[in-house]
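Peer 1: could you look at this predicted model? Sequence included:
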Number of protein chains: 2
Amino acid sequence: MVKARKYIYHSHFDGLPKETDLKLVEEELPPLQDGEFLTEAVFLSVDPYMRSRASGVDLGSTYIGSQVAKVIESRNPKHPKGEHLVGRFGWRSHTICDSKSDFWVVPDLEDLPLSYSLGVLGMPGNTAYFGFLEICQPKPGQTVVVTGAGGAVGSIVCQIARIKGCTVIAIAGSEEKIKWLSNDLKFEHVLSYKDDDFGAKLEQVTPEGVDCYFDNVGGEVTSVVLTRMNEFGRIAVCGAVSGYNNDFSVKASPIQYLMIRKQLRMEGFNVYRWQALWFEGIAQNKKWLEEGKLQYRETLTEGFANMVQAFINMLSGRNVGKAVVKA
Amino acid sequence: MVKARKYIYHSHFDGLPKETDLKLVEEELPPLQDGEFLTEAVFLSVDPYMRSRASGVDLGSTYIGSQVAKVIESRNPKHPKGEHLVGRFGWRSHTICDSKSDFWVVPDLEDLPLSYSLGVLGMPGNTAYFGFLEICQPKPGQTVVVTGAGGAVGSIVCQIARIKGCTVIAIAGSEEKIKWLSNDLKFEHVLSYKDDDFGAKLEQVTPEGVDCYFDNVGGEVTSVVLTRMNEFGRIAVCGAVSGYNNDFSVKASPIQYLMIRKQLRMEGFNVYRWQALWFEGIAQNKKWLEEGKLQYRETLTEGFANMVQAFINMLSGRNVGKAVVKA
């Protein structure tokens, strides 16, 4: 008899989540049936979408999320003991799966860490790869602005933009993120959106305007970036984390004038529209990692029991790069 | 010696334009040089963009706008006396042109009125034709919402959507526009955005959501329509007339959450990006007119001296269909 630990959505988030909003409980799992296999979480992901999609989660149900899991017992020959997969199983330590469960098998990562499957070689990496290239359609020499540049997706977008020969303006908030982007990733133009002079500085580093804007953040920062867009600019709306802790209400008018004057294209997207190309994205990012063109950083929290704190830290911007929990 | 009358931008618009903001003055035109020709305005256009682009017009200069003009004297064999053209000459009665001036020659309209070159067979018609088909990519059976449906562009978009086999939701404000759309153009779903129940009624007539949104208006109406969009919906941002008399400031955040969740594409556009296909658009709209598939209505104001009033009326929604001034 296996006891799974899991977090259930206990009380509705109000602003930034609190420790008590998610409750750690135990669940006894039944014995495996034919075709089933038991997985154990190895790494769990905390991502901004977990906050923005809270309204779709029923109280009392297991909280939403992905994990790298290892098959520890199997009655399914296609998924033998020892196999690693990435599953959208929620915040739980053990899961009984069958072939129809929501997962993908981790491809051969050679020497790269397994946790990368939750980041640069998984959903965030593919979000950066497809979202930026397909929606922003960057051309060499063009200017690309990225918000959330110190995060899991943004830091990869910045580097792909550089690989593609673009001028990159990386925007972040925390000092540590800014240092990492400047000193380690060697970006020349790294701005803090908290800077009083943010608008003037953005203008200074974009003398020829902005062609592509990959937005993870939204809000006031986006309002300022939009004023710098060139005609036929492309805006990939990947996230809007600045508003995830607030009540979203839809008021469209103020951006429309600029969208018309500059003939902008703004597109919201979800990486799973490129599901059919999933492993192509992972293979390309892996190649760039191996060539040293892509650098990757994680903020690791130890212990399943610390998941909520890791989640709160990430939403508060205290991570650098991808936030991951080691079970 | 020919005396031209023209309107100069006299004082900056503050909210809805006032009669005194534009000043009618006279100008003596010099004799024609070789290669030049003199045109006289026959019909002049008043359009919403004339309000939104005011900030780009210098005080003291001729106000921006298009006209159908007739060549009344010519020293240019390519543009003989009697030829009609559509010129972006501003609000003026007489203009000296040469081959490099900003105009296009009116194609053979057979029995159709010349003024149509300012509407269904000109810029607004092409805005509807290309803007809707290229940006909204409508498919038969899909649901299309159009704001400003009783105006020059919107009324054509609604009809092209019907020609393409879509379900059309036409949104307008004035009683007269709503009557025209319902009784004459025979649209089944015509909503007033002034209705207290607007949101509920929109929901009622869009049981399968909205696939394409052609927006001329922006503001609160757009906020409501966005909540009805289906995943992968396309939003053509053609105009934002609800805000043209206000101070536009860019605040992007509130729409982003929906754009992501629904994977929406929103694109602002200006019809002149399809300049190379100009006469293809006119030819198609003309064919539809002749086949009775497209109906067209004008609100005609008599007299160059009444241009400002015609402009104010149009901005206040007192036109039905295309607003035109007969010189």
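Peer 2: Cool, the structure landed. Numbering: from 1, shown residues only, chains lettered A, B, ... in the order given.
Peer 1: contacting residues for the residue nearest to the spatial centre of chain A?
Peer 2: Most central in chain A under C-alpha atoms, centre = their mean is residue A:124, positioned 4.3 Å from the mean C-alpha point. Residue A:124 makes contact with A:47, A:118, A:152-153, A:156, A:322, according to C-beta atoms under 8 Å, 6 or more residues apart in numbering or on different chains. Placement of C-beta: from N, CA and C, glycine included.
Peer 1: inside helices: which ones of these?
Peer 2: residue A:156 (DSSP state H).
Peer 1: ok, and the most crowded of the contacts of residue A:124?
Peer 2: residue A:152 (32 neighbours; other C-beta atoms under 10 Å in any protein chain shown).
Peer 1: average pLDDT across the helix ranked longest in chain A?
Peer 2: Counting residues, the longest helix found in chain A (DSSP H) is helix A:278-290. The average pLDDT for helix A:278-290 rounds to 81.
Peer 1: name the residues of that helix that are buried.
Peer 2: A:278, A:281-282, A:284-286, A:288-289 (16 or more other C-beta atoms under 10 Å in any protein chain shown).
Peer 1: just checking: what are the partner strands of the helix or strand containing residue A:40?
Peer 2: Assigned by DSSP states H and E, residue A:40 falls within strand A:37-45. Sheet pairing for strand A:37-45, assigned by DSSP bridges, gives strand A:67-74 (antiparallel), strand A:94-97 (antiparallel), strand A:322-326 (antiparallel).
Peer 1: so what's the residue count around residue A:78?
Peer 2: Neighbours of residue A:78 (other C-beta under 10 Å): 11.
Peer 1: sec struct for the residue lying closest to it once chain neighbours are set aside, please.
Peer 2: Using C-beta to C-beta, 6 or more residues apart in numbering or on different chains and skipping the chain neighbours, the partner closest in space to residue A:78 is residue A:99 (6.5 Å). With DSSP: H, G, I helix; E, B strand; the rest coil as the basis, residue A:99 sits in coil.
Peer 1: okay, how far is it across stretch A:50-67, tip to tip?
Peer 2: 13 Å (C-alpha to C-alpha, to the nearest Å).
Peer 1: got it, and stretch A:130-146?
Peer 2: Span of stretch A:130-146 from end to end, C-alpha to C-alpha: 15 Å.
Peer 1: which parts of that stretch are buried?
Peer 2: A:130-133, A:135-136, A:138, A:142-146.
Peer 1: follow-up on the earlier one: a markdown table for the strands paired with strand A:37-45, including mean pLDDT?
Peer 2: Below are the strands paired with strand A:37-45 laid out as a markdown table (pLDDT from 0 to 100):
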| stretch | mean pLDDT |
| --- | --- |
| strand A:67-74 | 96 |
| strand A:94-97 | 97 |
| strand A:322-326 | 84 |
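Peer 1: residue A:94 bridge partners, please.
Peer 2: Residues in beta-bridge contact with residue A:94 (DSSP bridges): residue A:40.
Peer 1: what residues are up against it?
Peer 2: Per C-beta under 8 Å, 6+ apart, neighbours of residue A:94: A:2-5, A:29, A:38-41.
Peer 1: what does residue A:170 give?
Peer 2: A:146, A:149-150, A:154, A:158, A:181, A:185, A:187, A:189-191.
Peer 1: as CSV, the residues you listed with secondary structure would be great.
Peer 2: Converted to CSV, these look like this (three-state DSSP):
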residue, secondary structure
A:146, strand
A:149, coil
A:150, coil
A:154, helix
A:158, helix
A:181, helix
A:185, coil
A:187, coil
A:189, strand
A:190, strand
A:191, strand
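Peer 1: who wins for neighbours among those residues?
Peer 2: Going by other C-beta under 10 Å, residue A:146 tops the contacts of residue A:170 with 35 neighbours.
Peer 1: that one pairs with what?
Peer 2: Applying DSSP bridges, one finds that residue A:146 bridges with residue A:170, residue A:214.
Peer 1: per-residue pLDDT of it, please?
Peer 2: 97.
Peer 1: dump the residue contacts of it.
Peer 2: A:154, A:157-158, A:161, A:168-171, A:213-214, A:216.
Peer 1: so residue A:124 sits in a helix?
Peer 2: Yes. Counting by three-state DSSP, residue A:124 is located in a helix.
Peer 1: roughly how far does it sit from chain B?
Peer 2: 15 Å (C-beta to the nearest C-beta, to the nearest Å).
Peer 1: check residue A:181 too.
Peer 2: Taken as C-beta to the nearest C-beta, the span from residue A:181 to chain B is 23 Å.
Peer 1: who touches that residue in this structure?
Peer 2: A:149-150, A:155, A:158, A:170, A:172, A:187, A:190 are the contacts of residue A:181 under C-beta under 8 Å, 6+ apart.
Peer 1: same check on residue A:294?
Peer 2: Applying C-beta under 8 Å, 6+ apart, the residues near residue A:294 are A:120, A:156, A:159-160, A:163, A:285, A:288.
Peer 1: what kind of secondary structure is residue A:64 in?
Peer 2: Applying three-state DSSP: residue A:64 is coil.
Peer 1: number of residues surrounding it?
Peer 2: 17.
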